[in-house]
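1. Requesting a structural model of the entry that follows:
(one chain, ligands or ions: 2)
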Amino acid sequence: MKTPKLVCPVHTLDFKQLLPGNTELTPEVLDELIATQKGTSYPTLAFLEHGTLFKDLRGFLKMPPYDTIFQGINRAVAMTLMNKIGFTPPLLEFFDYFKKNDDYTYRHSLVVFALSVLLAQDLLGETEDWIIDVMAGTIHDFGKASVPLNILKKTEALTDVDRIILEHHALAGFVLLSYYLQDHGKFAAWVAKEHHERRDGSGYPLGLKLTDNMIEIIAVCDIYDALLSPRPHRPTPYDNRTALEELTEMAKQKKIGWEVIQGLVSYSRKDRPPIQEVNVSTEKRGTPPTDTVYGVVEKSIRCPNCHGTAKEKKTLREGIEYVRHECASCGKEFNNDDLINIEMEKH
Ligand SMILES: [Fe+2]
Ligand SMILES: [Fe+2]
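-> Numbers count the residues shown, from 1 in each chain. Ligands and ions are numbered 1, 2, ... in the order given. Prediction:
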């Protein structure tokens, strides 16, 4: 089993450093961190009774395509279950932070939570008690509180360094949840750590083969909602059909399974066919938003290596756009941060 290593420090919301960058997250390190919380006990509060969470979530679920997905009994099932899930005050404060500073993560966290609860009930056939237990404290993107807001809100394509800092949210969330839940084996902490892993090992932070069905439900809902949402660097959201087609493409590549997509397709249809009987169409008819086209070439720069022409190459991964430069003469690739460093060395 690989040991994850932090690339950046992890802080609480009041800027207390929990662990410095470069820390290997061994069980001993986590136990030592958790021991600093010894003697602290928190009351458990009903999740949806905090602040405006209930009202806000109800509003978010009225927006398409969630209005169709959560029509009738589905909304009642999800909201009733979510209301039975207990959270401690420090975890609820993260919602206040996102509501104030990053409305995308706030809305996205609530919607992914509701959708995952619904799918868990329909796909896994587990008891309500099991769902309440595993979902307690589960907010997959808590670690984004450790990512600078200028990266979360960047309106241009992300550089490689931005990507590394953004991807740090998975391990940051694992540390924060282990700390506040006082247990690094808690399901919620593992969700934060593994929700970007994929079945074929192509994800991050460790490139593990994702095998847990519940984490996969959250992972697929996460990608689905990320595509359906306008993002600072991609203002046009995917439409529902195209978002489902992107997921279908990932299932064809064996990155994710078909079951969650079958669930989402069933919920998106008015006749609500039984999930197991849904045939997911592999025909591509949708068009991804045109402001996020793969491989768009816009700017050219002088290659710092051979002085040839290096062209900008944008790539899109799961709806997030990254930018690099590739030299047409020597073939070397550069990211913006390499170029900035080269500029600084010159001076
Ligand atoms: Fe995430
Ligand atoms: Fe997410």
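
2. Show me which residues of the stretch 101-250 of the chain sit near ligand 2.
-> Residues of the stretch 101-250 of the chain lying close to ligand 2 (Cβ under 5 Å from the ion) are Asp141, Asp222. All C-beta spots, glycine's among them, are computed from the backbone N, C-alpha and C.

3. Helices of the stretch 101-250 of the chain, start to end?
-> Ranges of helices in the stretch 101-250 of the chain, per DSSP state H, counting those that start in this stretch, are 103-119, 128-135, 149-152, 160-167, 169-181, 187-194, 213-228, 240-252.

4. Does anything pack onto the shortest one? Which helices or strands?
-> This points to helix 149-152. helix 160-167 (3 or more Cβ pairs under 8 Å, 6 or more residues apart in numbering; DSSP states H and E).

5. elements contacting the helix it packs on?
-> Taking 3+ Cβ pairs under 8 Å, 6+ apart as contact, the helices and strands that helix 160-167 lies on are helix 149-152, strand 320-327, helix 336-346.

6. List the buried residues of it.
-> Asp160, Asp162, Arg163, Ile165, Leu166, Glu167 (16 or more other Cβ atoms under 10 Å).

7. what about whatever residue of the stretch 1-150 of the chain ends up closest to ligand 2, distance to Arg107?
-> Per Cβ to the ion, Asp141 is where the stretch 1-150 of the chain lies closest to ligand 2, at 4.3 Å. Asp141 is 11 Å from Arg107, where distance means Cβ to Cβ, to the nearest Å.

8. go on, Ala243?
-> According to Cβ to Cβ, Ala243 stands 16 Å off from Arg107.

9. quick one, which of these two is more surrounded?
-> Just comparing Ala243 and Arg107: by other Cβ atoms under 10 Å the higher neighbour count belongs to Ala243, 24 against 19.

10. The more buried one and Val220: what is the separation?
-> To Val220, Ala243 is 11 Å away according to Cβ to Cβ.

11. Ok, Ile139 next?
-> In this view, Ile139 and Val220 are 17 Å apart by Cβ to Cβ.

12. Where in the chain is the helix or strand with the lowest mean pLDDT?
-> In the chain, no helix or strand scores lower on mean pLDDT, DSSP states H and E than helix 336-346, which sits at a mean of 54.

13. And for Asn198, the neighbour number?
-> Quick fix: residue 198 is Arg, not Asn. 22.

14. Does it touch Ala251 like I think?
-> No: applying Cβ atoms under 8 Å as the test, Arg198 and Ala251 come out as separate, 10.7 Å apart.

15. picking up where we left off before, now for Ala243 and Val220: what residues contact both?
-> Taking Cβ atoms under 8 Å, 6 or more residues apart in numbering as the criterion, Ala243 and Val220 do not both touch any residue.

16. so Leu57 is in which element?
-> Secondary structure from DSSP states H and E places Leu57 in helix 53-60.

17. and the angle from that helix to helix 213-228?
-> On the basis of axes from the mean of the first three to the mean of the last three Cα atoms, to 10 degrees, helix 53-60 is oriented at 60 degrees to helix 213-228.

18. by contact count, what packs against the helix or strand following helix 53-60?
-> Using DSSP H and E, the helix or strand that follows helix 53-60 in sequence is helix 66-69. Using 3+ Cβ pairs under 8 Å, 6+ apart, the elements in contact with helix 66-69 are helix 103-119, helix 259-268.

19. looking at those helices, which is buried most?
-> Comparing these by mean neighbour count (mean count of other Cβ atoms under 10 Å), helix 103-119 comes out on top with a mean of 23.

20. Output it as PDB, nothing but the C-alphas.
-> Taking Å, rounded to 0.1, in the frame of the first residue of the first chain, the C-alpha atoms of helix 103-119 are listed here in PDB:
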ATOM      1  CA  ASP A 103     -20.400  29.400  -4.000                       C
ATOM      2  CA  TYR A 104     -19.600  26.700  -6.500                       C
ATOM      3  CA  THR A 105     -18.100  24.400  -3.900                       C
ATOM      4  CA  TYR A 106     -21.000  25.200  -1.500                       C
ATOM      5  CA  ARG A 107     -23.700  24.300  -4.000                       C
ATOM      6  CA  HIS A 108     -21.700  21.400  -5.500                       C
ATOM      7  CA  SER A 109     -21.100  19.800  -2.000                       C
ATOM      8  CA  LEU A 110     -24.700  19.900  -1.100                       C
ATOM      9  CA  VAL A 111     -26.000  18.600  -4.400                       C
ATOM     10  CA  VAL A 112     -23.400  15.800  -4.700                       C
ATOM     11  CA  PHE A 113     -24.300  14.800  -1.100                       C
ATOM     12  CA  ALA A 114     -28.100  14.600  -1.900                       C
ATOM     13  CA  LEU A 115     -27.500  12.700  -5.100                       C
ATOM     14  CA  SER A 116     -25.200  10.200  -3.400                       C
ATOM     15  CA  VAL A 117     -27.600   9.500  -0.600                       C
ATOM     16  CA  LEU A 118     -30.400   8.800  -3.200                       C
ATOM     17  CA  LEU A 119     -28.200   6.600  -5.300                       C
END
